[in-house]
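Engineer: Provide a 3D model corresponding to the input given below.
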Amino acid sequence: MESSSLIPFSLILCFTILSFRSNGVEARRLSSISNLISEYLYNSFFLHKDDSACPARNFYTYDSFIQAAKCFPKFGKRGDSATRKREIAAFLAQISHETTGGWATAPDGPYAWGLCYKEEINPQSIYCDANNTQWPCFPGKSYHGRGPIQLSWNYNYGPAGRALGFDGLMNPEIIANNSLIAYKTALWFWMTEQAPKQSCHNVMVGKFVPTAADLAANRTAGYGLLTNIINGALECGIPNDARVNDRIGFFRRYAGLFNVDTGPNLDCANQRPF
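Structural biologist: I've put the predicted structure just below:
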């Protein structure tokens, strides 16, 4: 790991963006995505995230989301207005499925209950890949799902921590204790290419270039490919999978609130996992 006395490049970039609030159109364009998603609209997506029944009550704040997004200047900033809104809707839909507290007959429907949880319930393991020597597990620590994207495994905690300026291996709990860091980890996963997977961001802004392996596996651009990137090994290549359908349900609702279409290829039932 890098010395703790050094500020990671990603944080220098973040500080630069946050300080770039000078006069001028370009400065205003880069400063925030709040011109696309207001606090009112954000709360309209997550009608029940702060209910007393939700363990993440008052954790996933609008301010944390906006501040985290400022550290990733390409997020929600590429393409026309519809493309930008669609990417934000897709991101919020995927994290909603990962953190949902909804059920079929829930008040306001099952897709109004995103961001109810901030860490995995009853994890079946500590998610330690002992064979990964680049990101070794720290004794006594668990790398189960935490945060909006439910970041899991030591080989994700380590790189996320290095990129964002915290020790993901020795202090994984911070993701469930710090709202801003939690959102940053989700956006880091969204924006970062992890070969052979391209980034979710590139898929949503039309920069996905399929390889020969992608074409052979029927991995085509669209929301379904995001599901494949995030959890394809468990959910893709399965007709009418309930988990995939839940992800799609969130996306359809959020795209509707943004008044944009969802685009093609919502499902990954015909895609082979990575």
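
Engineer: Now do the helix or strand hosting residue 249: everything it contacts.
Structural biologist: Using DSSP states H and E, residue 249 maps to helix 242-258. Residues external to helix 242-258 that are found in contact with it (CB atoms under 8 Å, 6 or more residues apart in numbering): 41, 44-45, 85-86, 88-90, 92-94, 96-97, 100, 109-112, 114, 223-224, 227, 231, 234-236, 238, 261-262, 266-269. The C-beta positions use only the backbone N, C-alpha and C, and glycine is treated the same way.

Engineer: now stretch 77-92
Structural biologist: Stretch 77-92 has contacts (CB under 8 Å, 6+ apart) with 29-30, 33, 36-37, 45, 75-76, 114, 186-187, 190, 200-201, 204-206, 223, 226, 250-251, 254-255, 257-263.

Engineer: Go through it and flag the buried ones.
Structural biologist: Within stretch 77-92, the residues that qualify as buried are 77, 78, 83, 84, 85, 86, 87, 88, 89, 90, 91, 92, counting by 16 or more other CB atoms under 10 Å.

Engineer: Dihedrals phi and psi, the fourth one?
Structural biologist: I take that to be residue 84. Backbone torsions of residue 84, given as degrees, to the nearest 10, read phi -70, psi -40.

Engineer: what are the ranges of the helices in the stretch 1-150 of the chain?
Structural biologist: For the stretch 1-150 of the chain, the helices defined by DSSP state H, counting those that start in this stretch cover 9-18, 25-31, 39-45, 62-69, 81-99.

Engineer: residues near residue 252, how many?
Structural biologist: Residue 252 is flanked by 17 other residues according to other CB atoms under 10 Å.

Engineer: That one and residue 205, how far apart?
Structural biologist: Going from residue 252 to residue 205 by CB to CB, to the nearest Å gives 20 Å.

Engineer: and what of residue 85?
Structural biologist: 12 Å.

Engineer: same deal with residue 32?
Structural biologist: In terms of CB to CB, residue 32 sits 18 Å off from residue 205.

Engineer: Repeat that for residue 157.
Structural biologist: 27 Å.
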